[in-house]
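Novice: I'll drop the sequence and a predicted model, then ask my questions.
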Amino acid sequence: MILPLTENSQDRIREDPLRMLRAIRLACELDFKIEKGALEEIYDHGELLQKVSIERIRDEFVKILLSNYPKEGFQILLQLGLLKYFLPELESAVGFYFEDKSGMKNLFNYILDMLENLPSDLTLCLSILLYDMEKSPVNYSKKETVNKTLRRLKFKNSLIKKINILILEDWQKADFSSRKNIRQLISRLGEENILNILEFKKADFRTRNNINKFNQVKKIEKEIKEVLQERPPLSLKDLAINGKDLIDLGYQEGKVIGEILKKLLNTVIDKPELNRKEFFYSKLRKSKKLRNKSEK
């Protein structure tokens, strides 16, 4: 179906320039085509978008991002010159090529292909839009670019924090070769984030049409879920010992307690079967004796 040009479309755009984004959003949600005349009107009045509050723009942008056809939506936004008014960081990727294992890739097209193959999840989709921005010719680090962009669009700090974890992790090099490595990744990133990294990997292999690699990721996903079902110790709260126990053993309150607990956690992440009070007490008493001897 086609979204038509109305008789008073110019007046309606001037009344509320957000209608330009709304038309694109409806096209993405319903798989409509926008009539050529309507596209021309939007192109001619694009600068009016600057009069709209960033919160209203953000809300329409999110709906396009999470729509059935986000790739087409961003292509239209670029074609009509609207992208530069609220997401210039993404526009900077247009015409920029980077070297990949399979050859040179157009960054803008790669980002949109990844977006098309991801679930409609705001954290995932925003992360992939901004993940490779250090490859494009911008003058900021990846973290600076992400924070600057998301704060300008008035996203919540809790969402920005989640996205920072994902974009700063090199998901392409994440090592899932052993259960020990999987436990270390879960401990460092959290359950939700490790599964999100797998979504990136799956989208990447779908984009490359690499079915074998995609199936390997599905096997990894199954193994991660098995590890989680085993409920191994992955955080300080999972340890069979706590700060009070260390104080009872004669350790002084302060930073040293946290440092010791972190070392013990690393030990049991490698070998979950050691997460027992008796083991910790034995190890800590021995360590304390050795330290007292060296101090004499």
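Specialist: Good, I have the coordinates. Residues are numbered from 1 along each chain as shown.

Novice: rest of the way, CA atoms for contacts and neighbours
Specialist: Fine.

Novice: residues touching residue 218, list them.
Specialist: By Cα atoms under 8 Å, 6 or more residues apart in numbering, the contact list for residue 218 reads residue 202.

Novice: give the buried residues for the host helix or strand of it.
Specialist: With secondary structure defined by DSSP states H and E, residue 218 is part of helix 211-229. Applying a neighbour-count criterion of 16 or more other Cα atoms under 10 Å, one finds 213-214, 217, 220-221, 223-224, 227-228 buried in helix 211-229.

Novice: switch those residues over to a markdown table; also include pLDDT and distance to residue 165.
Specialist: Output for the buried residues of helix 211-229, formatted as a markdown table (pLDDT from 0 to 100; distance: Cα to Cα, whole Å):
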| residue | pLDDT | distance to residue 165 |
| --- | --- | --- |
| 213 | 93 | 24 |
| 214 | 94 | 23 |
| 217 | 94 | 21 |
| 220 | 95 | 21 |
| 221 | 94 | 19 |
| 223 | 95 | 22 |
| 224 | 95 | 19 |
| 227 | 94 | 22 |
| 228 | 92 | 20 |
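
Novice: now render these as JSON lines, adding distance to residue 131.
Specialist: Below are the buried residues of helix 211-229 laid out as JSON lines (distance: Cα to Cα, whole Å):
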{"residue": "213", "distance to residue 131": "21"}
{"residue": "214", "distance to residue 131": "20"}
{"residue": "217", "distance to residue 131": "20"}
{"residue": "220", "distance to residue 131": "22"}
{"residue": "221", "distance to residue 131": "22"}
{"residue": "223", "distance to residue 131": "26"}
{"residue": "224", "distance to residue 131": "24"}
{"residue": "227", "distance to residue 131": "28"}
{"residue": "228", "distance to residue 131": "27"}
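
Novice: tell me the spacing between residue 197 and residue 238.
Specialist: 23 Å (Cα to Cα, to the nearest Å).

Novice: so for these two, which sits in the more crowded spot?
Specialist: Taking neighbours as other Cα atoms under 10 Å, residue 197 and residue 238 compare with residue 197 leading, 20 against 14.

Novice: which helix or which strand is home to residue 158?
Specialist: Going by DSSP H and E, residue 158 is part of helix 157-167.

Novice: that helix packs against which elements?
Specialist: helix 122-131, helix 142-152, helix 191-207 (3 or more Cα pairs under 8 Å, 6 or more residues apart in numbering; DSSP states H and E).

Novice: that concludes my questions; thank you for your assistance.
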